[in-house]
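**Student:** no sequence on this one, just coordinates:
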């Protein structure tokens, strides 16, 4: 398997559909939300990403097949006075997990962040997602000893 990372072109129907399919597979997994994305959410993902000025999506590809996705957002760190990138979603198809696909996606995000002069790359991970935490630790994300709480208010 040869892993190639490329930016998704959300104006292309094939890329747009692949993003939704990969995110839906991730949502169905126990480390996602253990259920499919509702149809109305699936319909809003691509237009929403296209409208968001800081959004970009990366694919991990094996040949013509998209086998992983990273949905990222450019932001700004007020504590560092420099930009940042947040990896909002990182997902790899079940058949390609534990083969370096997630690492390849994150390495590309880190390269892009360095090239853009970012202060950091951020992400969220479930406390019980042992495999993802292991990858993030190996890639020097942390510190884990200073946890933040992630809270939401649905509107």
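**Tutor:** Looks like it arrived, so ask away. As the structure is a computational prediction, the values presented were derived from the model and not from experiment.
**Student:** Please work out which residues outside whatever helix or strand residue 23 lives in touch it.
**Tutor:** Element membership for residue 23 (DSSP states H and E) is helix 13-28. Contact partners of helix 13-28, identified using CB atoms under 8 Å, 6 or more residues apart in numbering, comprise 8-10, 32-37, 42, 45-46, 49, 57, 59, 66, 68-69, 71, 89, 91, 93-94. To be clear about C-beta, it is placed using only N, CA and C from the backbone, and glycine gets the same treatment.
**Student:** Filter those down to the buried ones, PyMOL style.
**Tutor:** Those of the contacts of helix 13-28 that meet the burial criterion (16 or more other CB atoms under 10 Å) are gathered into one PyMOL selection, given here:
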select buried, resi 8+10+32+37+42+45+46+49+57+59+66+68+69+71+89+91+93
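**Student:** In the chain, what residue spans correspond to strands?
**Tutor:** Secondary structure of the chain by DSSP state E: the strands cover 3-7, 55-62, 65-77, 82-92, 120-123.
**Student:** can I get those strands in a markdown table with distance to residue 130 and mean pLDDT?
**Tutor:** As requested, these are exported to a markdown table (distance: least, CB to CB, whole Å; pLDDT from 0 to 100):
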| stretch | distance to residue 130 | mean pLDDT |
| --- | --- | --- |
| strand 3-7 | 23 | 98 |
| strand 55-62 | 21 | 98 |
| strand 65-77 | 19 | 97 |
| strand 82-92 | 15 | 97 |
| strand 120-123 | 16 | 95 |
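**Student:** Just put those in CSV and tack on distance to residue 111.
**Tutor:** Listed next are the strands of the chain as CSV, based on distance: least, CB to CB, whole Å:
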stretch, distance to residue 111
strand 3-7, 9
strand 55-62, 11
strand 65-77, 12
strand 82-92, 11
strand 120-123, 10
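**Student:** And residue 142, how far from residue 133?
**Tutor:** Residue 142 is 10 Å from residue 133, where distance means CB to CB, to the nearest Å.
**Student:** between those two, which one's more packed in?
**Tutor:** Each of residue 142 and residue 133 had its neighbours counted (other CB atoms under 10 Å), and the higher figure belongs to residue 133 (16 against 10).
**Student:** residues touching that one, list them.
**Tutor:** Applying CB under 8 Å, 6+ apart, we find residue 133 in contact with 125, 127, 144.
**Student:** Scan the residues you listed and report the most crowded one.
**Tutor:** Within those, most neighbours by other CB under 10 Å means residue 125, with 18 neighbours.
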